[in-house]
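Colleague: 3D model of this:
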Amino acid sequence: MYDLTPQLPDTAVNTSLWGVLANDWLPLEQAAALRHWLTETLPAAALSRPEELRLAVFVRVLADLAGQGWHFHSSRPGRLKAYPPDSTPRTAQPGYVAPAPLEIKQHLRQGLVAHRDEQLADPLNQRFIQRMERVRYHEGRRVSVRHLLADPQVLANDIESALRVAEPKRTARLMEVVKPYLQLVTEDLDEHTGLRLLDIWRYCRYTWSLPFNTQPGRRMFYLVRDASRLNHPVMGIAALGSAVVQISCRDEFVGWTLSALRVAPDPIARLHALRAELRRAIDEVYCDDFLAEQLITPTDLVAPTLEVGLRLRAAAALLPVANRGQHKLSSSLEWDARTDLFRRKRAVTLAELLNALCEFDKAALLDESIRLESLFSYKEGKKALSIALRSIKKRHVAASMMEITTCGAIPPYGDLLGGKLVSMLMASPQVTTEYRQRYRTMSSVIASRMSGKEFVRQPELVLLGTTSLYHVGSSQYNRIKIPTDKGSLKYIGVGRTEGFGHVHLSQHAYNLIQEMLRHDQSEQSYTFAAGVNYKMRSIASALAMLGLQRLQNHASPRLVYALPIATNWQQFLLGIDSAPTWHFAQDNPQEGTQQIIDFWKSRWFVKRAQRPDILAKLNYSSVLPSLAHFGESSPQSRDPKQIAIFFSADHACPE
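Modeller: Have a look, this model is predicted:
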């Protein structure tokens, strides 16, 4: 339970909201009551626009959390008790039984579905869906996006026909029932429907229970298609996005923490790699203005002293911090580098790096076998190690890792473990090759301005990360193990997130937050130019302004998985190896990708297709219902059978 004192204007405290929060509600009832108050009562309140926005953000955040199982109670205006899911007072009552994992998933899904339904009902999204579902002519045939969804009954008939063949040909016939292939999503038109591939992916993504929100940074979208059927229907979709910067258990797994470094089996190699990282990072910082002003000297960059860091920090302190007006970038990288925003960032960064290098140079005077131990023995030494670790992590998180942000099957292929196929194909050489081709000439926005020139990071994708949608388990990634000539590829569970993020907040809440921050006159460091995770920083700024900092933790931690793609992935990410060694040959990516597909067929599909309950389910099912129907109708009026079909395309795959 969190005891909160919201920071709201006095005029807002006196509104009728506190009467709503004083009542005892079940969480979903409270969410509905708060949304009703927000739309029906707040507009009539006599508040200035900044006050109204603060109160709107406050209520919307509470409503979003209540929709995911939180409960709020106010004993008097201005005081609020917040109870995360399954920690309300009823949990202490005699006879209370904790919910089963499936119940927890269903409860968490309800809140996410509410956000997704809100997204589907948006007029712009409704027009997009109607346009995609509208029948049109393409090469003389009447088609729409609906023709890219496979009929489960036809698929079941094809499987049953293959099963009637006697062995030893039965397995071969089953293997031909589906012919998956991986397709990179671009602006190109689909040859079977004439629709943009990107629009097809977006339409399929709206079938998820998790709302779809685009994120800045590197992105790659994929379709998995079935070449065995007319129009090559979509079997599944996937998306890769820029890796999450801060996941503690993942960083420990890679070796980017002090605790992991302390027990490293190769301390000498690690120390050499960290020092080389400091040298590389220093060379990448634009210093011409600092040298011209004699703030530093060329000797300082080679053999730094602690006094250099002090001068740079003093210079940085004279410059203003980042604010919303400073994120506009020009076409001149050197000019941007000299602006107050980046000059301050460069001075602080260079001071840290030079001070760290100074400590490393002190340790270099000792015997090689005790240098690392020596740095761990005092505060500044540990700080130097932390700076070097953070620098090498920053470099590889930006270029050598991606996050699987969407991954799963589209009905009816989920019943045949199509989700596992999509998960496996993310490790394919086709993905690593297309990643390298897409980003080999793409410069980094912030790093280029820190360097004052075009800066391109080496795009070698060696590790994928992902998190389960629910914290109680993810069958989609479990038991995946892809054999290769150099070992095996598999998803490795590395721990849990700490429950921080923004999945618990709707897009409506985030839009209100942005408007509230625009009305706020104080300086904030939540611009893109100020660094990564600007969305998280803006949410943190807003919740801090409202006295709701503790609600940044959505109390729904997720399971964290890592998928190493290269055999020497760890040595590469730690800076010991300069180039990755791949499980699959990169000169013929289609061959390795097909190996993964064939393995999935023999390991998962053939066995699944022979189960009577799966065939019965396919025969019972119908084609995925229209998304326009879900955007227009209320949840209470929906056909339960359609709902079951609709949500079978979830992030987790049933087994």
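Colleague: Show me the shaky parts of the stretch 201-350 of the chain.
Modeller: Along the stretch 201-350 of the chain, the parts satisfying pLDDT under 70 run over 322-327.
Colleague: can you pull out the helices in it?
Modeller: 248-254, 258-262, 267-283, 288-292, 298-302, 306-317, 333-338, 340-363 (DSSP state H, counting those that start in this stretch).
Colleague: for the longest one, which positions count as buried?
Modeller: Using 16 or more other Cβ atoms under 10 Å as the burial criterion, the residues of helix 340-363 that qualify are 341-360, 363. For the C-beta atoms, the positions are set from N, CA and C on the backbone; glycine is no exception.
Colleague: pLDDT below threshold where in the stretch 551-655 of the chain?
Modeller: 552-557, 629-655.
Colleague: middle-most residue in this structure, spatially?
Modeller: Centroid check for the chain by Cα atoms, centre = their mean gives residue 405 as the closest residue, at 4.8 Å.
Colleague: That residue belongs to a helix?
Modeller: No: counting by DSSP: H, G, I helix; E, B strand; the rest coil, residue 405 falls outside a helix, being strand.
Colleague: Quick check: chain neighbours aside, which residue is closest to it?
Modeller: residue 241 (4.4 Å; Cβ to Cβ, 6 or more residues apart in numbering).
Colleague: Quick one: the strands in the stretch 151-300 of the chain, in order.
Modeller: 180-184, 219-226, 234-242 (DSSP state E, counting those that start in this stretch).
Colleague: quick one, which of the ones you listed is packed in tightest?
Modeller: Greatest average neighbour count among the strands of the stretch 151-300 of the chain goes to strand 234-242 (a mean of 23), per mean count of other Cβ atoms under 10 Å.
Colleague: before we move on, the earlier item: let me know whether the residue nearest to the centre of the chain touches residue 240 as I believe.
Modeller: Yes: if you go by Cβ atoms under 8 Å, residue 405 and residue 240 touch, sitting 6.9 Å apart.
Colleague: Which residue is the nearest non-sequential neighbour of residue 336?
Modeller: Nearest non-adjacent residue to residue 336 (Cβ to Cβ, 6+ apart): residue 449, at 4.4 Å.
Colleague: Touching, residue 31 and residue 61? I think so.
Modeller: No: Residue 31 is beyond contact range of residue 61, at 11.3 Å (criterion: Cβ under 8 Å).
Colleague: Please identify the buried residues of stretch 409-416?
Modeller: 409, 410, 411, 412, 413, 414, 415, 416.
Colleague: Inside strands: which ones of these?
Modeller: residue 409 (DSSP state E).
Colleague: for the buried residues of stretch 409-416, which one is nearest residue 183?
Modeller: residue 410 (13.3 Å; Cβ to Cβ).
Colleague: before we move on, back to that, could you identify which of the helices of the stretch 201-350 of the chain is most buried?
Modeller: Of all these, as judged by average neighbours under mean count of other Cβ under 10 Å, the leader is helix 340-363 with a mean of 22.
Colleague: what's downstream of that one, the next helix or strand?
Modeller: helix 371-376 (DSSP states H and E).
Colleague: That next one - what's its average pLDDT?
Modeller: Per-residue pLDDT values over helix 371-376 give a mean of 96.
Colleague: what does stretch 120-129 give?
Modeller: 87.
Colleague: how close does residue 3 sit to residue 21?
Modeller: Per Cβ to Cβ, to the nearest Å, residue 3 is found 14 Å from residue 21.
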